[in-house]
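K.L.:
Predicted model and sequence follow; I will ask about them next.
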Amino acid sequence: MKRDAGGPGALFPVRVQPRRSRTEVAGRRGEVLVVRLAAPPVKGAANKALLRFLADLLDVPPADLELVRGAQSRDKLVRVATLTPAELRHRLAPHLNTL
């Protein structure tokens, strides 16, 4: 997780696994957050589901999240405009420690 020189907030990589039985954090691969999504990767449904899920997970408004890169890929880069990298790590930690 890092601060982006091009904008406020923190950036973090996400690997999405669409069409799963439920939406949940599946763990980490290095610095990459792995998220299983119930939504299919059709017409942006998985991207919308990912941003809604992350907003709930991080307790931020959905408008604070931006998909910076990876709209057509499983590997995505997400910006949280209102959190620093340290705050982002702090909010993600409980979800990664329960795996």
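P.N.:
Cool, got the structure. Numbering: from 1, shown residues only.
K.L.:
Output the lowest mean pLDDT helix or strand found in this structure.
P.N.:
Ranking every helix and strand in the chain by mean pLDDT, DSSP states H and E puts strand 2-3 at the bottom, with a mean of 52.
K.L.:
Look up phi and psi at residue 52.
P.N.:
Main-chain dihedrals, residue 52, degrees, to the nearest 10: phi -60, psi -50.
K.L.:
What of the one 5 residues further on?
P.N.:
Here the main-chain torsion angles of residue 57 (degrees, to the nearest 10) amount to phi -60, psi -40.
K.L.:
next one: residue 65
P.N.:
According to degrees, to the nearest 10, residue 65 has phi -100, psi 140.
K.L.:
can you pull out the helices in this structure?
P.N.:
In the chain, the helices defined using DSSP state H lie at 45-58, 85-97.
K.L.:
most packed of those?
P.N.:
helix 45-58 (a mean of 18; mean count of other CB atoms under 10 Å). To be clear about C-beta, it is placed using only N, CA and C from the backbone, and glycine gets the same treatment.
K.L.:
Sketch out the low-pLDDT regions of this protein for me.
P.N.:
The model of the chain has pLDDT under 70 over residues 1-7, 98-99.
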